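**Student:** sequence plus the predicted model coming up.
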Amino acid sequence: MNRNDVALETRKTLLDGFISIDRLHLRHRLFAGGWTGLLQREVNRGGKVAAVIPYDPVRDELVLIEQFRIGPFAADDPEPWLTEIVAGMIEPGENAAEMARRETQEETGCAIGRLEKIMDFYSTPGGSAQRIALFCAEVQAASAHGIHGLAVEGEDIRVLTKSTDEALAMVQSGTIRNAISIIGVQWLALNRDALRRRWA
Amino acid sequence: MDRDDVIVESTQTLHDGFFRMDHLHLRHRLFDGGWSPVLSREIMLRAPVAAVIPYDPVADKVVLLEQFRGGMYLAGDAHPWTIEIVAGIIEPGESAEDMARRETLEETGCTVARLEKIIDFYPSPGGCSEFVSLFCGEVSSAGAGGVHGVPAEGEDIRVFTQSIDKMMDLVASGAIDNSIGIIGVQWLATNRNTLRKRWS
């Protein structure tokens, strides 16, 4: 089935701020034939995000960042600072690859060599239109350290480096516990041999 | 740093419908010492979720679902149906394990035998409190198929089975393009040999 199998009856903006929410009333075609009743869905309008695995293929190390996150704080997480890969909103008029380079430089201080697109995905497609473009970027991990981020945007980012195996262990132990970063680290663990050959 | 390094100055509820949205003003401690200025953060408050990879270790196959997703529709996706693993909101008073078993039965028609906790994660920690507990559930894939879901909840779910190698292709091609599904597939690709030994 595709977009033509959805009939949008009404769309109302409930909130229009940093986060924007629309209430949709719609019907869609059923797998067994016929149509659903009228469904109500409240959806975050989201936005586009570029995310980057900053990877040093020579040392087999990732550059990771640690920062405060409001989601875990609101979920009563005892440690609302998360260890993550690079990610940032794509500004209108900016393409994802340019954003990936700029954000990696801003958040880690690392210059980027090669940049490869990995995949696109939705963070939570049931309730949000947010879409993520994931890249892997070639960096020199030896140059990554210190505190970064734009103070005017309230960013306070600590940079650290870990081997791919250490990062995978951090996923399994729950230290790395946000979706984008887990996908990035697991992708690297599954693909690093081919990637290191490609980038040799 | 932990929760004690955050001071909430004010909380305002912007929306309270299917989910709640709050606007917080807060300060947190900085890595270099001292405190951030007052930061403005909007946060979507959503209930915790249990997700399940329904895996048949004998046939080495996974039971997958296909369903319509409002976030993809709002994003303008040409094909707003996505291929997923099992996931559902944990009701108050219900354990994640009970929910995992109940939701797998509701969405796929399969009864879960052994159930293993894999990891917990935040799908979108920059703006949402949603927290996912991911499990792998032992099922028999023989006979899995057909259309499932609770029509009163607007669910219309097509069930099918797939090999892990084919699922990796579905991730690479973008047919599985939601974070919970990708994390589940990557985890299984990384861990299936040890899991099959454990469950044999």
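**Tutor:** Perfect, thanks for sending it.
**Student:** partners of A:R23 in the sheet?
**Tutor:** In this entry, A:R23 is beta-bridged to A:K12, A:E42, by DSSP bridges.
**Student:** burial of it, as a residue count?
**Tutor:** A:R23: 16 surrounding residues under other Cβ atoms under 10 Å in any protein chain shown. Backbone N, C-alpha and C define where each C-beta goes, glycine included.
**Student:** what pLDDT does it get?
**Tutor:** Looking at A:R23, its pLDDT reads 95.
**Student:** mind showing which ranges of chain A have poor pLDDT?
**Tutor:** Of all residues in chain A, none has pLDDT under 70.
**Student:** can you show me the strands along it?
**Tutor:** Remark: strands assigned in chain A by DSSP state E are A:6-16, A:20-28, A:39-44, A:48-56, A:61-68, A:81-84, A:86-89, A:115-122, A:131-138, A:147-148, A:157-163.
**Student:** give me the contact list for the fifth one.
**Tutor:** So that's strand A:61-68. A:53-56, A:80-86, A:107-108, A:110, A:139, A:141, A:144, A:148-149, A:155-164, A:167, A:176, A:181, A:185, A:188, B:1, B:6, B:28, B:31 (Cβ atoms under 8 Å, 6 or more residues apart in numbering or on different chains).
**Student:** ok now the strand ranked longest in chain B, how far from the chain's centre?
**Tutor:** Identified as the longest strand of chain B according to DSSP E is strand B:6-16. Mean-position distance between strand B:6-16 and its chain equals 26 Å (Cα atoms, centre = their mean, to the nearest Å).
**Student:** what's that strand in contact with?
**Tutor:** A:14-15, A:17, A:21, A:68, A:73, A:80, B:20-29, B:35, B:38, B:42.
**Student:** now do the next helix or strand after it: which elements does it pack against?
**Tutor:** From strand B:6-16 onward toward the C-terminus, using DSSP states H and E, the following helix or strand is strand B:20-28. For strand B:20-28, the elements it packs on are helix A:70-74, strand B:6-16, strand B:39-45, judged by 3 or more Cβ pairs under 8 Å, 6 or more residues apart in numbering or on different chains; DSSP states H and E.
**Student:** select the longest helix from the chain.
**Tutor:** Assuming you mean chain A. Counting residues, the longest helix in chain A under DSSP state H turns out to be helix A:179-198.
**Student:** can you look at chain B instead?
**Tutor:** Under DSSP H, chain B gives helix B:179-198 as its longest helix.
**Student:** tell me if it is near chain A.
**Tutor:** Yes: using Cβ under 8 Å from any Cβ of the partner chain, helix B:179-198 reaches chain A at B:179-180, B:182-183, B:186-187, B:189-190.
**Student:** and the residues you listed, which of them are buried?
**Tutor:** B:179-180, B:182-183, B:186-187, B:189-190 (16 or more other Cβ atoms under 10 Å in any protein chain shown).
**Student:** hmm, back to that, export the longest helix of chain A as PDB, just CAs?
**Tutor:** Taking Å, rounded to 0.1, in the frame of the first residue of the first chain, the C-alpha atoms of helix A:179-198 are listed here in PDB:
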ATOM      1  CA  ALA A 179      18.700   4.800  19.400                       C
ATOM      2  CA  ILE A 180      20.800   6.700  16.900                       C
ATOM      3  CA  SER A 181      24.000   5.800  18.700                       C
ATOM      4  CA  ILE A 182      23.100   2.200  19.200                       C
ATOM      5  CA  ILE A 183      22.400   1.900  15.500                       C
ATOM      6  CA  GLY A 184      25.700   3.600  14.600                       C
ATOM      7  CA  VAL A 185      27.800   1.400  16.900                       C
ATOM      8  CA  GLN A 186      26.100  -1.900  15.900                       C
ATOM      9  CA  TRP A 187      26.400  -0.900  12.200                       C
ATOM     10  CA  LEU A 188      30.200  -0.200  12.700                       C
ATOM     11  CA  ALA A 189      30.700  -3.500  14.500                       C
ATOM     12  CA  LEU A 190      29.000  -5.400  11.600                       C
ATOM     13  CA  ASN A 191      30.700  -3.400   8.800                       C
ATOM     14  CA  ARG A 192      34.100  -2.200  10.000                       C
ATOM     15  CA  ASP A 193      36.200  -4.800   8.200                       C
ATOM     16  CA  ALA A 194      34.700  -3.900   4.900                       C
ATOM     17  CA  LEU A 195      34.900  -0.200   5.700                       C
ATOM     18  CA  ARG A 196      38.500  -0.400   6.700                       C
ATOM     19  CA  ARG A 197      39.400  -2.200   3.500                       C
ATOM     20  CA  ARG A 198      37.400   0.500   1.500                       C
END
